[in-house]
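Q: Any chance you can model this:
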Amino acid sequence: MTYIDYMNQFWRLAAYESFAASEVALYAFLVNECNKFHWKMPFSCPTFHVCNRLRMSKQTLVTAEKKTDKFYQWNNSLSTVQIFAT
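A: Purely as a prediction, here's the structure:
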């Protein structure tokens, strides 16, 4: 799948399930990061980097990650994305 395929798939799901702005931002950020690194999985990203880039608190990130984790599990390619605490 391509970058745009992942985003289109997400927006199709969002038509049926509501996502907070932080959840949309997290998903878009991680898809962009995966694309930037040519989809080499597994892919990890430090918590502070995500929080800094998205200008969100660690707690907001944790909450967003829990909700979007269900989507990542549904989407096998992105299920290997890991955000780790630093």
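Q: Which helix or which strand is home to the one residue sitting closest to the centre of the chain?
A: Geometric centre of the chain, nearest residue: Tyr27, 2.9 Å, by C-alpha atoms, centre = their mean. Element membership of Tyr27 [criterion: DSSP states H and E] is helix 21-36.
Q: so what does the following helix or strand past that helix touch, helix or strand wise?
A: Going down the chain from helix 21-36, the next helix or strand is strand 43-46, by DSSP H and E. Under the contact criterion of 3 or more C-beta pairs under 8 Å, 6 or more residues apart in numbering; DSSP states H and E, strand 43-46 touches helix 21-36, strand 81-84. (Each C-beta comes from the backbone N, C-alpha and C, glycine too.)
Q: which of the residues in strand 43-46 are buried?
A: Neighbour counts over strand 43-46 (16 or more other C-beta atoms under 10 Å) mark 43, 45 as buried.
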